[in-house]
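**Q** below is the sequence, then the predicted model.
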Amino acid sequence: ADTSNVGNWHDARVEPYGPIALDPAAGVLHYGQEIFEGMKAYRHDDGSIWTFRADANAARLNRSAIRLALPQLPEELFLESLRQLVSVDQDWVPTRDGDSLYLRPFMIATEAFLGVRPAREVSFRVIASPAGNYFGGEVKPVDIWVSRTYARAGRGGTGAAKAGGNYASSLVAQMEAEAHGCKQVLFLDQFNHNAVEELGGMNVFFVFRDGSMVTPALSGTILEGITRASVIQLGRDRGLHVTERTITLDEWRDGIASGEITEVFACGTAAVITPIGQLRDGDELIGAAGAPAGEVTMSIRSQLLGIQAGLLEDTHGWLTRLV
Ligand code: PMP
């Protein structure tokens, strides 16, 4: 494609999986001009294959493209690429409960040049890979490490885009979390009273004693998760008061201590919804070890999984049939 806004997309094809040739001076290798999406295809009982909110992934890819000075891809071409890929060999899509086909659409700058500027040639591709049930059946709360050293993104940065560079900068924080026995890292806005932002790859929700839910507002530094938007909708469908606002680490700590906050969970495409167990802030531990997953967390989780698997009614028209 060229980089006129919507691109001039051509040469669509499905290829066997394998290495791709890149010029050593390709823009992506030096200036990190790369964006991607993460989504899943699910096989329903009648054999048909569906994706969840693919239009939202297409829209987010295009918002990322604008931020990274890459061309946009029309939604129809985005969907068509998924359809063609999945159609080639439908046996890839697992049938077991909770299993899915993970789809990784991505766009890279392929033009060879060394001066710093947006590339005029790019490539859009999709990788497909069968994914097992994230939890292997059992849902266990995960422990989270609070990063006091690293920020994921700053105001005006690329935090709201799904760009590879954001993940490159979060790896060292993730290593720090793992070194402290935690599964995931929590990023804070250290310039805004330690407002909670998100985990390395998931958005965060708080359930309050009165049943209301809070998730950090989209400040421009966090990723607008598609699971996040779905949880907000499902919460409101249940008549729960769901607010997007600033919530600080202090409010988290005090809310757990007073019992005002009864559940905390994270959400994203990979794990869908995962309860958060203990929060580790240096030597301080927030929350009880070994506490069971919360009721609201598990109920919204099974509703979302049910919709994705085609077992519950898709009242919001979130599913798109691929095959
Ligand atoms: N935040 C980050 C940093 C992520 O990488 C992801 C995973 N894409 C999410 C949130 C959750 O987004 P989604 O629900 O669209 O998967």
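**A** Done, it's in.

**Q** now the strand or helix carrying F206: mean pLDDT?
**A** Element membership for F206 (DSSP states H and E) is strand 203-208. The predicted model assigns strand 203-208 a mean pLDDT of 98.

**Q** and for stretch 265-280?
**A** Across stretch 265-280, the average pLDDT comes to 96.

**Q** how many neighbours does the residue of the stretch 1-150 of the chain found nearest the ligand have?
**A** With CB to the nearest ligand atom, the shortest gap between the stretch 1-150 of the chain and the ligand falls at G38, namely 4.8 Å. All C-beta atoms are positioned from the backbone trio N, CA, C, and that covers glycine. Here the count is done by other CB atoms under 10 Å, and G38 has 16 residues near it.

**Q** next up, the contacts around it.
**A** Contacts of G38 were listed using CB atoms under 8 Å, 6 or more residues apart in numbering, and they are 102-104, 162, 268-270.

**Q** what do you get if the cut-off is 10 Å, keeping everything else the same?
**A** Contact criterion CB atoms under 10 Å, 6 or more residues apart in numbering gives 57, 102-106, 162, 201, 226, 268-270 as the residues in contact with G38.

**Q** can you check R236 too?
**A** Applying CB under 10 Å, 6+ apart, one finds that R236 lies in contact with 213, 242.

**Q** tell me which element it falls in.
**A** Counting by DSSP H and E, R236 is found in helix 226-237.

**Q** check whether that helix contacts the ligand.
**A** Yes - legend: contact between helix 226-237 and the ligand by CB under 6 Å from any ligand atom is shown at 226-228.

**Q** which residues of this protein lie near the ligand?
**A** Among all residues of the chain, those adjacent to the ligand (criterion: CB under 6 Å from any ligand atom) are 38, 198, 201-203, 223, 225-228, 268-269.

**Q** what about burial for these, which qualify?
**A** Buried residues within the residues of the chain next to the ligand, defined by neighbour count using 16 or more other CB atoms under 10 Å: 38, 198, 201-203, 223, 225-228, 268-269.

**Q** which member of these is positioned nearest M175?
**A** Of all those, the one with the least separation from M175 (CB to CB) is G201, at 14.3 Å.

**Q** domain assignment for the chain?
**A** The chain breaks down into these domains under automatic domain parsing: 27-133, 142-308.

**Q** in TSV, list those domains along with distance to V6.
**A** Supplementary listing: these in TSV, determined by distance: least, CB to CB, whole Å:
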stretch	distance to V6
domain 27-133	5
domain 142-308	18
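
**Q** of those domains, which approaches R13 most closely?
**A** Among those, domain 27-133 sits nearest to R13 (CB to CB), with 8.4 Å.

**Q** who's in contact with the closest residue to E75 other than its chain neighbours?
**A** In space, and not counting its chain neighbours, E75 is closest to A58: 4.1 Å by CB to CB, 6 or more residues apart in numbering. Listed by CB under 10 Å, 6+ apart, the contact partners of A58 are 37, 39, 72-79, 82, 105.

**Q** which PyMOL command selects the buried ones in those?
**A** Burial among these is assessed by 16+ other CB under 10 Å; the matching PyMOL selection reads:
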select buried, resi 37+39+72+73+78+79+82+105
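
**Q** for stretch 206-221, measure first residue to last.
**A** The first and final residues of stretch 206-221 sit 19 Å from each other (CA to CA, to the nearest Å).

**Q** circling back to that earlier point, and which of the residues of the chain next to the ligand is nearest T158?
**A** The shortest gap between T158 and any of these belongs to L223, at 10.1 Å (CB to CB).

**Q** doesn't that closest one lie inside a helix?
**A** No - with DSSP: H, G, I helix; E, B strand; the rest coil as the criterion, L223 is coil rather than part of a helix.

**Q** surely it meets V204?
**A** No - with the criterion set as CB atoms under 10 Å, L223 and V204 do not qualify as a contacting pair; they are 11.6 Å apart.

**Q** can you list residues touching both of these two?
**A** With contacts defined as CB under 10 Å, 6+ apart, the residues shared by L223 and V204 are 197-198.

**Q** any chance of the residues of helix 226-237 next to the ligand in a markdown table, with pLDDT too?
**A** A markdown table is the format used below for the residues of helix 226-237 next to the ligand (pLDDT from 0 to 100):
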| residue | pLDDT |
| --- | --- |
| I226 | 98 |
| T227 | 98 |
| R228 | 98 |
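
**Q** isn't there a helix covering the residue nearest to E75?
**A** Yes - the assignment for A58, made by three-state DSSP, places it in a helix.

**Q** where does pLDDT dip in the chain?
**A** Along the chain, the model assigns pLDDT under 70 to residues 1-4, 134-137.

**Q** for the protein, what spans make up the helices?
**A** Remark: helices assigned in the chain by DSSP state H are 27-31, 54-67, 75-88, 164-179, 226-237, 249-258, 295-308.

**Q** just list what the shortest one packs against, helices and strands only.
**A** Think helix 27-31. Packed against helix 27-31, as judged by 3 or more CB pairs under 10 Å, 6 or more residues apart in numbering; DSSP states H and E, are the following elements: strand 100-109, strand 122-131.
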